[in-house]
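Undergrad: What follows is a predicted structure for the sequence shown.
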Amino acid sequence: MLVCIPTNGNLGLEDTVSDHFGSAPFFTLINTNDGAVTILENRTAHHDHGTCHPMTQLARHHIDCVVCAGMGRRAVETLNGEGIKTYLADGKTVSEIVAQMQSGGLTEIDPRQACRGHAQHSGEPHICPGHQN
């Protein structure tokens, strides 16, 4: 399985997980079959909220899932619609995420609880570490 983890840098397994999928500076790809690590710079990291298209860059890698600390509802629904699972990161580093995956300890992101915007929270519970819930 090929896992995409949005990260703050290009340190591989020891890097930290970015708060949001689309605006992460890098994507760390982990092949769980052979342990291979590929790091990609996110060419769309600087964008207006809701206008990024990271899958344009990631599509050729045929990722199976994304594990991140936060993602918008539209991104979750789009990825799920393409057969790509989305999971909530419950760790600070890529290596912690890999360990959680191996133990089956990841939680799939529910689109109804995804981030709805940087300034538009309705008070309902949602997953968005960069903002106050």
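TA: That came through, no problem. Because the structure is a prediction, the values reported are computed rather than measured.
Undergrad: what separates the helix or strand bottoming out on mean pLDDT in the chain from the chain centre, distance-wise?
TA: Sorting the helices and strands of the chain by mean pLDDT, DSSP states H and E puts helix 54-58 at the bottom, at a mean of 76. Its chain's C-alpha centre and that of helix 54-58 lie 12 Å apart, by C-alpha atoms, centre = their mean, to the nearest Å.
Undergrad: What is the neighbour count of Thr78?
TA: When neighbours are counted by other C-beta atoms under 10 Å, Thr78 registers 15. (C-beta placed from N, C-alpha, C; glycine too.)
Undergrad: For the one helix or strand it maps to, buried residues please.
TA: Thr78 is part of helix 73-81, with elements assigned from DSSP states H and E. Within helix 73-81, the residues scored as buried using 16 or more other C-beta atoms under 10 Å are Arg73, Ala75, Val76, Leu79.
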